[in-house]
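Student: model this:
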Amino acid sequence: MSSQADELTRFLRILDEAGCLEHVVLIGSWAEYAWWRAARMEGFRPNIRTLDIDLLIRNMRRPVPEAHLTAVARERGYLWRATASRA
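Tutor: Below is the predicted model of the structure:
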C-alpha cells in the first residue's frame, strides 16, 4: 500500500502547487484512506484496489487564473482521464 499512498501524496502535492487543492474534494476509496490516516475511523482498515484518484471539482471556474493541471500532471508522468457525471 505504501507505493499507492506515496503516489496519492505526490499527486495531492501537485494539486497544491498548481493552486487547485483548495478547489477539489477527495472522494471514493482514497477518501476512506485519508479519514483512516487522520485517525477518524477507529478499527477500520481501508482496502485500496484502485489506481485512480477520484476528485469532486467544487467549481469548474476556479482557480483564477486558470491552472493547467492536465499539462502539469502529464509533465510529471501521469495519464489523464477526466470523466464528467451528468445528473
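Student: any idea how far Arg58 is from Met41?
Tutor: Separation of Met41 from Arg58 (CB to CB, to the nearest Å) stands at 24 Å. Yep, even glycine has a C-beta here, placed from its N, CA and C like the rest.
Student: so for the two, which sits in the more crowded spot?
Tutor: Neighbours were counted for Met41 and for Arg58 using other CB atoms under 10 Å; Met41 has more, 14 against 10.
Student: who's in contact with the more buried one?
Tutor: For Met41, the contacting residues are 32, 35, by CB atoms under 8 Å, 6 or more residues apart in numbering.
Student: how does it look with 10 Å?
Tutor: 32-35 (CB atoms under 10 Å, 6 or more residues apart in numbering).
Student: for it, helix, strand, or coil?
Tutor: coil (DSSP: H, G, I helix; E, B strand; the rest coil).
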